[in-house]
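Colleague: got a predicted structure plus its sequence, pasted below:
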Amino acid sequence: MSKKVVILALVGLLVLAGTMVGTLFLAKQFLFKPEAGHQAAAAPEAPKVRDPIYQSVDPAFVVNILDGERYRYLQVQIDVMSRDPAAIARFEKYLPRLKGELNMLFSAITSEQAHAADGRQGLQKSTLEAVNRVLVEESGAGGIEAVYFTKFVVQ
């Protein structure tokens, strides 16, 4: 055998060995899952946000509101939202007291507040505060995140 053939065979073996090492390295990186010790170095996952839970209050609230010297009817259907099932359970448990408090709140507004967008938004905020206040007084924890007026009629 000539020197030329031996050198070419050695170069071929080196290329083959390099290809095998590179393939094993890439397979380790992309095909095999890292061990538990290597996962600690990875960035922690963001906490998962729970899906919202909605609860409707039936029947809708119907109260008298003052409009000058005469009374009008206000009908308000509310839904509450929380991401905590325990908060919804507390809400359902204390619903009779909540209905009483909200009846008093709704009957205290004026016709002008009911017709103005900022008045309705203020009433929505007051409703949320009243609901959480009652829940805290009764159970020590609120947890209702939002109140929605799904029906709002003034006659």
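Modeller: Ah, there it is. What you are looking at is a predicted structure, and each value in this text was computed from that prediction instead of being measured.
Colleague: export the longest strand belonging to the chain as CSV, just CAs?
Modeller: If you go by DSSP state E, the chain has its longest strand at strand 70-82. Extracted as CSV, the C-alpha positions of strand 70-82 are listed here (Å, rounded to 0.1, in the frame of the first residue of the first chain):
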residue,chain,number,x,y,z
ARG,A,70,-91.8,60.7,41.4
TYR,A,71,-90.4,57.2,41.6
ARG,A,72,-89.1,55.1,38.9
TYR,A,73,-88.2,51.4,38.8
LEU,A,74,-84.7,50.2,38.5
GLN,A,75,-84.0,46.6,37.5
VAL,A,76,-80.5,45.3,37.9
GLN,A,77,-79.3,41.7,37.1
ILE,A,78,-75.8,41.1,38.5
ASP,A,79,-73.2,38.4,37.9
VAL,A,80,-70.1,38.1,40.0
MET,A,81,-66.7,36.7,39.0
SER,A,82,-63.9,35.0,41.0
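Colleague: now the following helix or strand past that strand and strand 70-82, what's the angle there?
Modeller: Note on strand 70-82: by DSSP states H and E, the next helix or strand toward the C-terminus is helix 85-93. Per axes from the mean of the first three to the mean of the last three C-alpha atoms, to 10 degrees, the angle that helix 85-93 makes with strand 70-82 is 150 degrees.
Colleague: list the buried ones in helix 85-93?
Modeller: For helix 85-93, a neighbour-count test (16 or more other C-beta atoms under 10 Å) marks 87-88, 90-91 as buried. From N, CA and C alone the C-beta is placed, and that goes for glycine too.
Colleague: contacts for that helix?
Modeller: For helix 85-93, the external contacting residues (C-beta atoms under 8 Å, 6 or more residues apart in numbering) are 53, 55, 80, 82, 98, 131, 135, 138-139, 141-144.
Colleague: kindly report the same for stretch 75-82.
Modeller: So stretch 75-82 is in contact with 52-57, 60-63, 88, 91, 102, 106, 127, 131, 143-155, going by C-beta under 8 Å, 6+ apart.
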